[in-house]
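> Sequence and predicted structure, then a few things I'm wondering about:
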Amino acid sequence: MTTLISRIRITALLCSISFSSLSALAGETKDAGGGGAMENRIEIKDFAFNPQTLKVKSGEKITWVNRDEEPHTVVSVEKQFKKSSALDTDQEFTITAGAPGNYTYFCSVHPKMTGTIVVEK
Amino acid sequence: MSDYISHDHEHDGIDRRGFLKCMAWAGTGVLWTVSGGVLASKTLAQIAKAGSSLPKATDLSFLQISDSHIGFNKDANKDVTETFKIALNRINAMPTPPSFLIHTGDITQLSKPEEFDTFDQVIKSCRTKDVFYVPGEHDVLNDGGKLYRERYLRSVEAKGSGWYSFNKNGVHFIGLVNVLDLQAGGLGQLGDEQLEWLEADVKGLGADTPVVVFAHIPLWTVYPQWGWGTSDSERALGYLKRFGSVTVLNGHIHQVLQKVEGNVTFHTAMSTAFPQPAPGTAPSPGPMKVSAEKLRSLLGLTNVEYKQGKTALAIIDSNLS
């Protein structure tokens, strides 16, 4: 027999599941504050940046999150943005996209890992 | 016998007797050396023939330990400090402990001071006190290797980012750094300054001097897709081509691989922390999870022995199970 409290919990759980499914379908991640600034995410997994090429607009934020059990870094090849510290598992690094152009970067610990940010107006 | 020149037919200031006197001196230059308290001499002619600035190599045994990754705490091994201790206990249990250890890098997981501290504390328990290091990429994450160099180069005369050489029992050892200033899309790298130093370092050595080179990332191309290689190692190996015995000891890949190319034996060691997949057998070269029973069988040490008269060094891997 389920208690009232456990029924409330189950309902709350089902609600949050359906909300997150809706936003996944929408295909974008928004700020919780809803200020309008687009947040783009790059997942570091299996020694690769995913997506390897990411298109963003000037002024938008880009966040890398490390899902590997190895530390990784994010370093701009042309020193176009400040390099990250070594990111352990689940640590994040965020920059703000600058002027339009191609920004290539790599992991200085595992230099075979490379990626590009394409910044548009 | 007088030195007075009686007949100077060629007008060159020397007569036949004088010439013969000079020739008696040639070839009597002698170098005295002391080895194990025993005086030994070599004529300059013998030395000139060997080209050697070192006494003839004698029996030597040392141990390669690698990739301790102190600070790592994920599923592949929740307690790397414990497995490192087990490795040291194995060394202490050897009937004849090695003369010294060579650590081929990735001492720590994240280059943190407390990780280096833990390593330094734990390695004190080893009976063998003499340890030589080269850094792994995990040891130089935040500061270009400054903290690593402050701690691990005290017993050597290191140059640049931490390369150096030393001699033991007539065997020449060279520690190289190939984990700094890595280029996007590239492999490990030695760089011009280090390569120029290496060329000069080995120039005066006789070709019969056994040479041991150690660096973290493999100095041969094991699997470039995973960055397992050094882009400019061919240049380094070129300077060592004339030597009769070259042994290259590396770490980084957490598994034993061996290759022989002419007079050069390449060897990579197991880690004392966690195994990694064989080339191309996994999506990436990250830590490989195995069953708890299997873990210690994939971790280990490498014993290396030079025996006088043999060219190739004997390399014996043992695991921690």
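Okay, I see it.
> can you map out the strands along chain A?
Under the criterion DSSP state E, chain A contains strands at A:39-45, A:48-50, A:53-57, A:61-66, A:75-76, A:92-96, A:101-106, A:114-120.
> cool, and chain B?
So, for chain B - with DSSP E - the strands run B:30-35, B:38-43, B:60-65, B:101-103, B:131-133, B:164-168, B:171-175, B:211-214, B:246-250, B:257-261, B:264-268, B:300-306, B:314-319.
> Can you point out the buried residues in the fifth one?
Along strand B:131-133, the positions that meet the burial threshold by neighbour count (16 or more other CB atoms under 10 Å in any protein chain shown) are B:132, B:133. (Each C-beta comes from the backbone N, C-alpha and C, glycine too.)
> Pull the number of nearby residues for residue 121.
You didn't pick a chain, so chain A it is. 7 (other CB atoms under 10 Å in any protein chain shown).
> I was after chain B.
By other CB under 10 Å, the residues close to residue B:121 number 11.
> Could you do residue A:80 as well?
16.
> Give me the nearest residue to it, chain neighbours excluded.
Among residues not flanking residue A:80 along the chain, residue A:103 sits closest, at 5.2 Å (CB to CB, 6 or more residues apart in numbering or on different chains).
> In JSON lines: the strands of chain A, plus mean neighbour count and mean pLDDT.
Formatted as JSON lines, those follow (neighbours: other CB atoms under 10 Å in any protein chain shown; pLDDT from 0 to 100):
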{"stretch": "strand A:39-45", "mean neighbour count": "18", "mean pLDDT": "95"}
{"stretch": "strand A:48-50", "mean neighbour count": "18", "mean pLDDT": "98"}
{"stretch": "strand A:53-57", "mean neighbour count": "14", "mean pLDDT": "97"}
{"stretch": "strand A:61-66", "mean neighbour count": "19", "mean pLDDT": "98"}
{"stretch": "strand A:75-76", "mean neighbour count": "18", "mean pLDDT": "97"}
{"stretch": "strand A:92-96", "mean neighbour count": "15", "mean pLDDT": "97"}
{"stretch": "strand A:101-106", "mean neighbour count": "18", "mean pLDDT": "98"}
{"stretch": "strand A:114-120", "mean neighbour count": "17", "mean pLDDT": "98"}
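> Relative to residue B:94, which of those is closest?
Residue B:94 lies closest to strand A:61-66 among the strands of chain A, at 39.7 Å (CB to CB).
> Who are the packing partners of that closest one?
For strand A:61-66, the packing partners by 3 or more CB pairs under 8 Å, 6 or more residues apart in numbering or on different chains; DSSP states H and E come out as strand A:39-45, strand A:92-96.
> Which among these is found nearest to residue B:185?
It's strand A:39-45; of these, that one is closest to residue B:185 (CB to CB) at 16.3 Å.
> quick one: stretch B:200-219 to chain centroid distance?
Taking CA atoms, centre = their mean, to the nearest Å, one finds the center of stretch B:200-219 at 8 Å from the center of the full chain.
> again with stretch B:195-208
How far stretch B:195-208 lies from its chain's middle: 14 Å, per CA atoms, centre = their mean.
> In that stretch, which residues are buried?
B:195, B:197, B:198, B:201, B:202, B:205, B:206, B:208.
> Equivalent analysis for stretch B:76-91, please.
Under the neighbour-count criterion of 16+ other CB under 10 Å, stretch B:76-91 has B:76, B:77, B:80, B:81, B:83, B:84, B:85, B:87, B:88, B:90, B:91 buried.
> could you pick out which of the residues you listed are near chain A?
By CB under 8 Å from any CB of the partner chain, the members of those lying near chain A are residue B:76.
> could I get the buried residues of stretch B:76-91 as JSON lines with pLDDT?
Shown next, in JSON lines, are these (pLDDT from 0 to 100):
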{"residue": "B:76", "pLDDT": "97"}
{"residue": "B:77", "pLDDT": "98"}
{"residue": "B:80", "pLDDT": "98"}
{"residue": "B:81", "pLDDT": "98"}
{"residue": "B:83", "pLDDT": "98"}
{"residue": "B:84", "pLDDT": "98"}
{"residue": "B:85", "pLDDT": "98"}
{"residue": "B:87", "pLDDT": "98"}
{"residue": "B:88", "pLDDT": "98"}
{"residue": "B:90", "pLDDT": "97"}
{"residue": "B:91", "pLDDT": "97"}
